[in-house]
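In: next input, structure requested:
(chains A and B)
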Amino acid sequence: MPAAIEFQHVARQFGTLRAVDDVNLTIGSGEFFALLGPSGSGKTTCLRLIAGFEQPSAGKILLNGGDVTGVPPYDRNVNTVFQDYALFPHMSVAENVAYGLRVRGAPAAARRTRAAEMLALVQLENFGDRSPAQLSGGQKQRVALARALINRPAVLLLDEPLGALDLKLREAMQIELKNLQRQLKITFVYVTHDQGEALSMADRVAVFDRGHIEQLDTPRGLYMRPHTAFVARFVGGANVIEGELARRLTGDTRSFAIRPELMSFLSATSALADGMISCEGTVIDVLYHGATSRWQVRTEDGSVLALARPELGAQSDSPVVGGKVRIVWPREQMVMLAGS
Amino acid sequence: MSAVVATVEPGIHSLSRGFSTFLYRRSTFYLLLLLLPPLLWLGTVYLGSLFALLLQSFYAIDEFTATVVPQLTLETYRQLISHPANVDIILRTLAMAVAVTLACAVIAFPVANYMARYAGPRMKAFFYVGVMLPMWTSYLVKVYAWRLILAKQGILNWGLSAVGLDGLLEAALATPVVGGPSLASSYLGMFIVFVYMWLPFMILPLAAALERVPQSLIQASADLGARPRQTFWGVVLPLALPGLAAGSVFTFSLTLGDYIIPSVVGAPGYFIGMMVYQQQGTAGNIPLAAAFSVVPIVLIAIYLMLAKRMGAFDAL
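Out: Residues are numbered from 1 along each chain as shown, chains lettered A, B, ... in the order given. I've put the predicted structure just below:
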């Protein structure tokens, strides 16, 4: 069975800007695949290349084994959920959902039944006659989803679909989308800049930075074994220690990553246990997050490390801003990074 | 510790500052202050004279002295619709207005679509200036220039025969009703001048409407399998209808009311505007002139009603 999507040395140039730079990528059939990266990293351009809204400047894109270079969007078995939903304002909800069938010439009766089925799938049974303007953000989102799924696409592309929703709704929709994908067994390609979203939903994640893939891995792999400083910071929110400080602490010239929650404070007088690394510094900020608190600590060489600790009620030993502290972490938890 | 009270430093600004504060607190008064002058202008000068005109169309005219008598009668309107010549004028003007509007819409759409969707910032500015540039020139100069262009010895005739297409022009001029001895003295020539004159009034609102159609809607349509033709009829055109309606009101009403183009270019048949000009001038029949000028108002009202019923304003 051929891969659902394959990128072979794909590049997309806008003027002097290389939005996508020599990307190679294989997405399996039925996979929930996330493209993760900050804005301008090329992830959305990749999605638009799959949809056919953009054509590659170089390289080849295969859908289900067939080369789709030069194939217009309307001849691709791929549908998109747009970031702004892109619902047609002059059509009712049911007409929006049935649009894909209408342009393919399906009879009116079949369109009605299928549209009702799709609306039931996204739990909007009684909304068919409304106009999109009468819907909330979450409801528009569901209509966009139903509309994109009505043609039974091989691949569903989702462009930051939950970006405009509030946190609670976003979390509920994440679970729903994941369940929907399992139920329909369609390949999902999900673009997001939210690493939490990518980690919790996707089977595999491609992390983008400046037009290329920094790392392609499972969520666990990305979090536990980041390959580069960028991935360590962007996905894990990890401290990256590099240069002179790294050499002094570990005796190794390579930089390394250590996540804030793996660090702890140690009083100046206590002895350092075996296999622990320690570093001294001054607290410059304390951020209260509810479940955890984060300390920003400036080391002697000027770099700032973050330390996170669960909030366990009033703790007398909590360092305050300006206090001198000693941070320790186990050597085995450090992840060595590729030189950059 | 005593509290420090912030004070406004007294000085030359205190008076204007006081006034600003007053306006800020009395926002209704502020609104009234801004709206009253334009409302007065619109209300009395503009609408007032329009109603005076409407009223005059119901006045009687003394058969012997040919003076207007302020005596309400429907006689003028009876005269308007019972004389075949008057009905001819109305139908002729209406037919021209419909034809000009349709032609403007068809020509303007690709131009407006390019301006709104495909042109880069420089190209867009160039197009906007290009579309508006003819409107900066005197209207009369343009009409007389067109008369020369369309004349039998004019540049258009000369150009067409130079490329061997004069047969085509002759065939067009041989068409009954719209044809004539030359373009400058035919309805066809008049139609060309009208379309040229009013085209910017169609392009600009249409481009504005098309610019408001999000690119993602067009992409969504293609994404769902619609071919470009289906996207045009199913998405772009319905969403551009308000702009098309606005533009067509311009082209339609401008054609209905114009009296210069029909008197400079084209066939000898009368148009509504010419009748108004003649009746209030040389003929001195103000009521009939007023009744004639009511015709475009009624026609446009009917047109807008039809447009609304067809859903032209649903996407607003």
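In: measure stretch A:53-72 end to end?
Out: One end of stretch A:53-72 sits 8 Å from the other (C-alpha to C-alpha, to the nearest Å).
In: low-confidence regions, chain A specifically.
Out: For chain A, applying pLDDT under 70 flags the ranges A:1, A:313-317, A:339-340.
In: how about the residues of it near chain B?
Out: A:51-53, A:72-74, A:78-80, A:82-84, A:86, A:88-90, A:99-100, A:102-104, A:147-148, A:151 (C-beta under 8 Å from any C-beta of the partner chain). The C-beta positions use only the backbone N, C-alpha and C, and glycine is treated the same way.
In: which SS state does the residue in the stretch 151-300 of chain A that chain B sits nearest to fall under?
Out: The nearest approach of the stretch 151-300 of chain A to chain B comes at residue A:151, 6.3 Å away (C-beta to the nearest C-beta). When classified by DSSP: H, G, I helix; E, B strand; the rest coil, residue A:151 comes out as coil.
In: mind giving me the domain split of the chain?
Out: Since no chain was named, I'll use chain A. A:5-232, A:260-333 (automatic domain parsing).
In: actually it's chain B I care about, not the one you picked
Out: According to automatic domain parsing, the domains of chain B span B:14-47, B:84-309.
In: residue A:3: which of the ones you listed is closest?
Out: domain B:84-309 (21.2 Å; C-beta to C-beta).
In: tell me how many other residues crowd residue 167.
Out: I'll assume chain A. Residue A:167 sits with 8 neighbouring residues when counted by other C-beta atoms under 10 Å in any protein chain shown.
In: correction: the question concerned chain B.
Out: Count around residue B:167 with other C-beta under 10 Å applied: 10.
In: for residue B:149, see how far away it is.
Out: When distance is defined by C-beta to C-beta, to the nearest Å, residue B:167 is 20 Å away from residue B:149.
In: which SS class is the residue of chain A positioned farthest from its centre?
Out: Distance to the chain centre peaks in chain A at residue A:269, reaching 43.1 Å (criterion: C-alpha atoms, centre = their mean). Here residue A:269 is recorded as coil under three-state DSSP.
In: residues in contact with residue A:161?
Out: By C-beta atoms under 8 Å, 6 or more residues apart in numbering or on different chains, residue A:161 lies in contact with A:81, A:83, A:141, A:144-145, A:173, A:177, A:190.
In: that's a strand at it, yeah?
Out: No. Counting by three-state DSSP, residue A:161 is located in no strand; its state is coil.
In: name the residues of the helix or strand harbouring residue A:156 that come out as buried.
Out: Assigned by DSSP states H and E, residue A:156 belongs to strand A:155-159. Of the residues in strand A:155-159, those buried under the neighbour-count criterion (16 or more other C-beta atoms under 10 Å in any protein chain shown) are A:155-159.
In: then it to CSV, C-alphas only?
Out: This file holds the C-alpha atoms of strand A:155-159, laid out as CSV (Å, rounded to 0.1, in the frame of the first residue of the first chain):
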residue,chain,number,x,y,z
VAL,A,155,-6.6,12.8,3.4
LEU,A,156,-8.0,15.6,5.6
LEU,A,157,-5.9,18.7,6.0
LEU,A,158,-6.5,20.8,9.1
ASP,A,159,-4.9,24.3,9.2
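In: before we move on, back to that, between the domains of chain A, which gets nearest to residue B:88?
Out: domain A:5-232 (40.1 Å).
In: now the end-to-end length of that closest one.
Out: Counting by C-alpha to C-alpha, you get 27 Å between the two ends of domain A:5-232.
In: how far off centre is that domain?
Out: Domain A:5-232 sits 12 Å away from the centroid of its parent chain (C-alpha atoms, centre = their mean, to the nearest Å).
In: tell me which residues in stretch A:302-316 are buried?
Out: Buried residues in stretch A:302-316, counted by 16+ other C-beta under 10 Å: A:303, A:305-309.
In: now, which of those lie within strands?
Out: A:305-309 (DSSP state E).
In: how far away is the residue nearest the centre of chain B from residue B:308?
Out: Closest to where the C-alpha atoms of chain B average out (C-alpha atoms, centre = their mean) is residue B:250, at 1.9 Å. The gap separating residue B:250 from residue B:308 is 17 Å, by C-beta to C-beta.
In: cool, and residue B:44?
Out: 29 Å.
In: any chance you could map the strands in the stretch 151-300 of chain A?
Out: In the stretch 151-300 of chain A, the segments counted as strands under DSSP state E, counting those that start in this stretch are A:155-159, A:187-192, A:204-209, A:212-217, A:239-241, A:256-258, A:264-265, A:276-288, A:292-299.
In: which residues are contacting the biggest helix by length in chain A?
Out: Across chain A, the longest stretch assigned as helix under DSSP state H is helix A:167-184. For helix A:167-184, contacts defined as C-beta under 8 Å, 6+ apart pick out A:32, A:121, A:137-138, A:141, A:145, A:149, A:156, A:158, A:161-162, A:165, A:188, A:190, A:197, A:200-201.
In: how does it look with 10 Å?
Out: A:30-32, A:81, A:121-123, A:136-138, A:141-142, A:145, A:149, A:152-153, A:156, A:158, A:161-165, A:186-188, A:190, A:194, A:196-197, A:200-203 (C-beta atoms under 10 Å, 6 or more residues apart in numbering or on different chains).
In: out of those residues, which end up buried?
Out: A:30-32, A:81, A:121-122, A:138, A:141-142, A:145, A:149, A:153, A:156, A:158, A:161-162, A:165, A:186-188, A:190, A:194, A:197, A:201-202.
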